[in-house]
Each structure stands twice: as structure tokens, then as C-alpha cells.
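Peer 1: Build the 3D model from these lines:
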Amino acid sequence: MGERIYTHGMADERRCSRCEGALHVGFLEDKGERGSIAASRVLSWIDGQAETGAFGGAKVFGKERHAVSAYRCGQCSHLDLFVD
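Peer 2: Modelled structure (predicted):
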């Protein structure tokens, strides 16, 4: 399966923030505790300073989550992250 290149119209096309190269869409995987496949999920962005809960994890209950889109530059391999 080939890579998908992000194109969202000529005026809105995102370019690499480092070299202006074409961006290839992808995602960042969060493997969860101890790399469990069952805990695999897509990375989210949450507004505000991170707070640690009683068991060492982040306090996220009731906070709005936003999916993170990751794009890799085909020219320099730099990663750019966006919340859409």
C-alpha cells in the first residue's frame, strides 16, 4: 500500500515547517502500558497543563480530547503535528 500525500486544495496545502517539502499523512500510536497491543490507540491532545493522578497517570477525566494528525516530510523526514 502506498503512502498518502496530504493535499487539501492548493491554498490550504500544508508544507513541511522545516524545508517546505510535501507532507505524507500518518498517525502516532500510543501503545499504552507495557506496549500492550490491546491498549493501542491514536494519540490525543488535551488543553492545559498536565496533572498527575493518584496512580501516576495523567488526570484526563472530563477534559476534551482532540485527535493529533501527524505528517512526515518526504524530503527531510521531519514530523509536523496538527490538531484538526
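
Peer 1: just the strands in the chain please.
Peer 2: With DSSP state E as the criterion, the chain has strands at 23-26, 29-30, 41-42, 44-46, 65-73, 79-83.

Peer 1: Can I get those in CSV including distance to Cys16?
Peer 2: (C-beta placed from N, C-alpha, C; glycine too.) Below are the strands of the chain laid out as CSV (distance: least, CB to CB, whole Å):
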stretch, distance to Cys16
strand 23-26, 6
strand 29-30, 22
strand 41-42, 22
strand 44-46, 20
strand 65-73, 4
strand 79-83, 6
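
Peer 1: Save those strands as CSV, and put in distance to Gly53, mean pLDDT and mean neighbour count too.
Peer 2: Formatted as CSV, those follow (distance: least, CB to CB, whole Å; pLDDT from 0 to 100; neighbours: other CB atoms under 10 Å):
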stretch, distance to Gly53, mean pLDDT, mean neighbour count
strand 23-26, 30, 91, 17
strand 29-30, 17, 79, 12
strand 41-42, 18, 78, 10
strand 44-46, 13, 89, 13
strand 65-73, 16, 91, 16
strand 79-83, 23, 93, 13
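
Peer 1: For Ala58, find the nearest of those strands.
Peer 2: strand 44-46 (7.8 Å; CB to CB).

Peer 1: can you list contacts of the closest one?
Peer 2: Contacting residues not belonging to strand 44-46 are listed as 58, 60, 63-68, 83 [CB atoms under 8 Å, 6 or more residues apart in numbering].

Peer 1: Equivalent analysis for stretch 15-23, please.
Peer 2: So stretch 15-23 is contacted by 5-6, 14, 71-76, 78, 80 (CB under 8 Å, 6+ apart).

Peer 1: Just the CA trace of that stretch, in CSV.
Peer 2: Extracted in CSV, the C-alpha atoms of stretch 15-23 (Å, rounded to 0.1, in the frame of the first residue of the first chain):
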residue,chain,number,x,y,z
ARG,A,15,4.1,22.1,3.7
CYS,A,16,6.9,21.0,6.0
SER,A,17,7.7,23.6,8.6
ARG,A,18,11.4,22.9,8.2
CYS,A,19,12.0,22.7,4.4
GLU,A,20,8.7,23.3,2.7
GLY,A,21,8.6,19.8,1.3
ALA,A,22,5.5,17.7,0.6
LEU,A,23,3.9,16.1,3.7
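
Peer 1: Kind regards, and thank you for your time.
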